[in-house]
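> My questions are about this predicted structure, shown below with the sequence.
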Amino acid sequence: MQPDDIEKINIGNRLIRDMFPKVRTTKGDVETFDANKIIDSLIIETGISVPTAEQVTRMVLKRIITSNIQWLSGPAIREMCCSVLAEIGLLEARKRYTRLGMPLMDYEKFVTSGIRENANQYRNPESIHSWAADRISSEYALLRLLSDEEANAHLNGDLHVHMLRYFDLRPFCQEWDLRLILKFGLPPVNWPYSAVSKPAKHPMVAFLHAAKWLGLITGEFSGGQGVDNFTTFLAPYVKGLNDIEIKQLAQCFVFESNQIYASRGAQVPFTSISCTPTIPDTLLEVPAVGPGGKNTGVYGDFIDECRKLFKAISEVYIEGDGLGRLFNFPKHEVKLKKEWLDKFEEEYLLISEEAAKFGSPYYLNLAASWMPDEVHSQCCRILLTPEGIRKICDDPDLFDWNKSYINMGSLQSVSLNLPRYAYMANGNDDRLFEIIMEKAQIARNILLKKREIIKDRIEKELLPICSRKAPGQDYPLLDLRKQSLSIGFIGLNECVQAHTGLELHEDNSAFEFGKKILLNLAKICDKFTTDTGYKFSLWEQPAESSSTRFALLDLKHYPDKAKVQGINKSVYYTNSDHLRYSADISLMKRITKQAEFHPIVQGGVMTHIWLGESNPEKEALWKFTKNIALNSDTAYFAFTKDFTNCLECNKFSAGIFTKCPHCGATEAKLEWYSRITGYYSRLNSWNEGKIQEWRDRKRYNLEKL
């Protein structure tokens, strides 16, 4: 029976109708109360029968009359209906009829103080609107997209669905092949919504297109955007230019990237560029895209230009912005290869100068014994090898630089709360690994659901750029064949401590047990890949907010067992497989022990080296960098410094000061900066757990090593 066929409740009598107040609708109008609209809505939205809908409506009418309420709204009527549905046991119908929204006080809190989930986002009109919309989107995902088991696992803290607010619409992070933009223009697809640029003919335009592309496309993703082989693909555009002109191009790109407030909630886009001092072997014979999108020889013809651009980019990062501050983005990623270390020592010394001054470079160490020659690193540090995805891909041309544009990424990340599983296992090894498998299976189901959602969004062109095809291509820009599904983990150290009584750094047996857990997780991901035909990746999730969220929830649900770092609300779990940040161990022990995990996890692996000295010597830093590259299996690492920014005199100083060393301004006029997970930001935008972690970090002086 259709709603139009329903025997209507008779409130047509004017006397009866006047008993009910007018209704303020969500459409922005005031209407006469009509009970039949409630019946129709209940049937359409919940699927309950006509008699049941009429029963619910009569109970709601009775409440309205007896309450003597003076005005009604659509949301108020819906809340009454939900209350009645719950009372008569129709919980699934109540769930489907629930209204998404938030209390007025919560919105006012956004306006007055904001939130600290993401240190890259500050309070402004766009971020306030974004936070409000994010709340609704998160509720929608929990109520409509995830099953009760999946939603409860997230809400209870068994696992964490990252970027839940974008689960219904956006993929996670992506690395782009810059040749697409250089060959086809900006954007590189048929685009009806705004101006389209032809392929850049002038070097400056090429660099601007690169920056604008990362800002433009970030609107269709929940995470970071990266460009691999940056110095290689732009090398043809600097041919014939002198060093000053090349530096101007690099400067333009970096400033442009930091002044596009186009990301979610008016953030600076979370971006990265991967640079090499020469053309990688895999690209030497690949046709080079040059001005106007035309082929101009092969990339091997531009080795000297690549080196000059590599140097120019480093010089820009060393100088900093107009006030002498470091650039937060794009993350400056530098690849190290064994055969390059001596050959390009001059260029790498410049990188060491940058690291000594600002700590901004990230080192991708291809000299590690287990690392392949070709690795693609997403902006969020997810490492993807062509071989890894090739295993589940039938087309061998997908990762051939001569035949394909290599865009790779991750659709979604879900992290596992490892310490909780140890609390639940009560020291039983078999039970611990059973729980890990149970929770990983829930994560798998969530990730598979996300893949189907993104597939649907592409088919319906709800991702307007990603769903379109570049000229001559058979698949959309976001090619699901080149995407992974990422399973992260948090608190291996506390998990091992709760299970064995010892932390990772305290005893070799505890360390080996931690390794056993990671090997098991890697095996689980491989099994999921084999079972589904989709690439599942184990990775070290940065966990900017989830490490504190898990710790707080476990203190609540497992108060007698929880092993957390910090005190009160300033608590956290050690991220992924990191050794405890405050552990009193030598720097080389920290590096080499943590490096043993890198070949197992592979994705997102990161070793942080917290520097205690304000201005280390670049030569000492380069010597230590080579030692890490050649004598450990560390895949990805960075040197991190702390800084003080004075709002009075605008001086940016290495070290933490309570009084400006330049003008004497006191703490109220000072801001402290450091690296929170994979980027630098102001400490006053960090959540309490991360601030405590920053306090706990053991810092090292290279001169004392």
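Everything's here; your move.
> Any buried residues in stretch 140-159, and which?
Neighbour counts over stretch 140-159 (16 or more other C-beta atoms under 10 Å) mark 140-142, 145-146, 150-151, 153-154, 157-159 as buried. The way it works is simple: take the backbone N, C-alpha and C, and place the C-beta from them, glycine included.
> swap in stretch 361-372?
For stretch 361-372, the neighbour count (16+ other C-beta under 10 Å) marks 361-368, 371 as buried.
> Repeat that for stretch 334-347.
By neighbour count with 16+ other C-beta under 10 Å, stretch 334-347 contains the buried residues 334-337, 340-341, 344, 347.
> After the helix or strand bottoming out on mean pLDDT in the chain, which helix or strand is next?
Within the chain, no helix or strand scores below helix 14-17, which has a mean of 54 by mean pLDDT, DSSP states H and E. As assigned by DSSP states H and E, the chain's next helix or strand after helix 14-17 is strand 23-24.
> Give me the contact list for that following strand.
30-33, 71-74, 77 (C-beta atoms under 8 Å, 6 or more residues apart in numbering).
> please redo it, this time with the cut-off set to 10 Å
Strand 23-24 is touched from outside by 29-34, 37, 71-77, with contacts defined as C-beta atoms under 10 Å, 6 or more residues apart in numbering.
> go on, stretch 425-438?
Here stretch 425-438 makes contact (C-beta under 10 Å, 6+ apart) with 153, 158, 416, 418, 420-424, 489, 495, 498-501, 513, 516-517, 520-521, 524, 527, 561.
> Of these, grab the buried ones for PyMOL.
To isolate the buried ones among those in PyMOL, judged by 16+ other C-beta under 10 Å, type:
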select buried, resi 153+158+416+418+420+421+422+423+424+489+495+498+499+500+513+517+520+521+524
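> secondary structure element for residue 517?
Here residue 517 sits within helix 508-532, counting by DSSP H and E.
> Remind me what the helix or strand just after that helix packs against, helices and strands.
Next helix or strand after helix 508-532 toward the C-terminus (DSSP H and E): strand 535-539. On a contact count with 3 or more C-beta pairs under 10 Å, 6 or more residues apart in numbering; DSSP states H and E, strand 535-539 meets strand 383-384, helix 386-390, strand 408-417, helix 429-459, strand 483-490, helix 508-532, helix 598-601.
> Please work out the average pLDDT along the shortest one.
Taken as a whole, strand 383-384 carries a mean pLDDT of 60.
> Between the buried residues of stretch 334-347, which sits nearest residue 397?
The closest of those to residue 397 turns out to be residue 335 (C-beta to C-beta; 24.4 Å).
> Report how many residues lie close to residue 235.
By the measure other C-beta atoms under 10 Å, the count of residues near residue 235 is 26.
> How about the contacts made by it?
229, 278-279, 283, 288, 290, 299, 301-310.
> Could you look up the SS state of it?
The three-state label given to residue 235 by DSSP: H, G, I helix; E, B strand; the rest coil is helix.
> model confidence over the helix or strand containing residue 272, on average?
Residue 272 is located in strand 271-275, with elements delineated by DSSP H and E. For strand 271-275, the mean per-residue pLDDT is 95.
> Please save the CA atoms from that strand in CSV.
In CSV, the C-alpha atoms belonging to strand 271-275 read as follows (Å, rounded to 0.1, in the frame of the first residue of the first chain):
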residue,chain,number,x,y,z
THR,A,271,51.1,18.0,0.6
SER,A,272,54.5,16.5,0.0
ILE,A,273,57.1,16.4,-2.8
SER,A,274,59.6,13.6,-3.3
CYS,A,275,63.0,14.8,-4.6
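> Not counting sequence-adjacent ones, nearest residue to the residue nearest in space to the middle of the chain?
Residue closest to the average C-alpha location in the chain (C-alpha atoms, centre = their mean): residue 223, at 3.9 Å. With C-beta to C-beta, 6 or more residues apart in numbering as the criterion, residue 223 has its nearest non-adjacent residue at 3.5 Å, and that residue is residue 173.
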